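Visitor: need a structure here:
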Amino acid sequence: MQALTQRLNRICEEQPFTTSFFVRDLTTGAEAARAGDVVVPSASTRKTSILMHALAAVHAGRLDLKEPCTVEARLQKDVASGTYQHMTPGTVLPLRDAMVNMIITSDNVCTQLVLERLDREALNAWCRRIGMAGTTHRANIPPAGLAWDHPLEATATTTPADQARLLELMLRGAEDAEAAAVLGCSPELCRLGLDILSWQRLRNLIPSLLPASTKVAHKTGRDARGRSDAGIVYRDGRPLFILAAYADRVPEEMPDGLPGFATAYATVGRLARACWDGIGK
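Guide: Okay, the predicted model is just below:
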């Protein structure tokens, strides 16, 4: 892990923006981190915790996966991600499908459909209870027109270590009822959460340099300050490692004239590839 950590740090140091990460080898339990406990904008990586808190409400009987949700014009305003911003108002889908679209296309109409059935204070308390001390949910969707250098308090925040902890709790919970209870869920619902993450359609970060068939259960993030991804990478059907990586304060244009976001994508992809090459072999 020491050699891998050095390689990961070199990848981060090549860029003018700040990259933080947390990685856990799921074979040995070894960890590596770079500013892993430093709070950063969560962007849409926050949606994994929204998903699991909502599934905990399903387990408690407060929500029903079959509950019909109606797409309203008011929910489409100022939405910049997903597909339901373009759908006909009045479209109805079950809550389960809203949860799925919140994750796999990062749809912010569906995110609002889920969040309007939850309480934000309870969501933040749930995060604290399970050990995500650096994670705070604020508005249902990010305010429109955020500046490149917006303060952390302007949107939701998290840490790489927090996201890695949640993913590991989901893995444990999928196999053990006592572990699932930490999340307020059942093993079946933990497995559903992992399945939904594995259906992710946005694969230009962690999966981008891995073999095309690689299973990755993950949630990406995009905001005015950077790009991020947090997920579980599998090899031969078994979880190999968890990686949470955040590229922050990414400039609009790099010194070579290329877009900053493309370099951020490539940086996170290289971190994942380094882990793929360095773990479990």
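
Visitor: Any idea how far apart the tips of stretch 192-210 sit?
Guide: 24 Å (C-alpha to C-alpha, to the nearest Å).

Visitor: who touches it?
Guide: With C-beta atoms under 8 Å, 6 or more residues apart in numbering as the test, stretch 192-210 has contacts from 48, 51-52, 55, 99-100, 103-106, 170-171, 174, 185, 214-220, 227-229, 231-233, 243, 245, 265-266, 268-270, 272-273, 276. No exception for glycine: its C-beta is placed from N, CA and C like everyone else's.

Visitor: Strands of the stretch 101-250 of the chain, start to end?
Guide: Assigned by DSSP state E, counting those that start in this stretch, the strands in the stretch 101-250 of the chain fall at 157-158, 216-223, 226-235, 238-248.

Visitor: export the ones you listed to JSON lines and tack on distance to Leu258, mean neighbour count and mean pLDDT?
Guide: JSON lines is the format used below for the strands of the stretch 101-250 of the chain (distance: least, C-beta to C-beta, whole Å; neighbours: other C-beta atoms under 10 Å; pLDDT from 0 to 100):
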{"stretch": "strand 157-158", "distance to Leu258": "28", "mean neighbour count": "24", "mean pLDDT": "98"}
{"stretch": "strand 216-223", "distance to Leu258": "17", "mean neighbour count": "25", "mean pLDDT": "97"}
{"stretch": "strand 226-235", "distance to Leu258": "14", "mean neighbour count": "26", "mean pLDDT": "98"}
{"stretch": "strand 238-248", "distance to Leu258": "14", "mean neighbour count": "25", "mean pLDDT": "98"}
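
Visitor: Low-confidence ranges, this structure, go.
Guide: Low-confidence segments of the chain, defined by pLDDT under 70, are absent.

Visitor: Now the residue nearest in space to the middle of it: phi and psi?
Guide: Among the residues of the chain, the one closest to the centroid is Thr45, at 2.5 Å (C-alpha atoms, centre = their mean). Main-chain torsions, Thr45, degrees, to the nearest 10: phi -60, psi -20.

Visitor: The strands of the stretch 101-250 of the chain into TSV, with extra columns for distance to Arg203?
Guide: Listed next are those as TSV, based on distance: least, C-beta to C-beta, whole Å:
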stretch	distance to Arg203
strand 157-158	21
strand 216-223	7
strand 226-235	9
strand 238-248	14
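
Visitor: Relative to Phe22, which of those strands is closest?
Guide: Among the strands of the stretch 101-250 of the chain, the nearest to Phe22 by C-beta to C-beta is strand 238-248 (4.9 Å).

Visitor: The next helix or strand after that closest one - contacts with which helices or strands?
Guide: Proceeding N to C from strand 238-248, the next assigned helix or strand is helix 260-278, under DSSP states H and E. Judged by 3 or more C-beta pairs under 8 Å, 6 or more residues apart in numbering; DSSP states H and E, helix 260-278 is in contact with helix 2-13, strand 18-25, strand 226-235, strand 238-248.

Visitor: Could you check helix 260-278 and say which residues are buried?
Guide: By neighbour count on 16 or more other C-beta atoms under 10 Å, the buried set for helix 260-278 is 260-261, 263-276, 278.

Visitor: what's the neighbour count on the closest residue in space to Arg120 that isn't next to it in sequence?
Guide: Leaving aside its sequence neighbours, Arg120 sits nearest to His137 (C-beta to C-beta, 6 or more residues apart in numbering; 5.6 Å). Residues lying near His137 (other C-beta atoms under 10 Å) number 23.

Visitor: which residues sit in contact with His137?
Guide: 46, 49-50, 120, 123-124, 127, 156.
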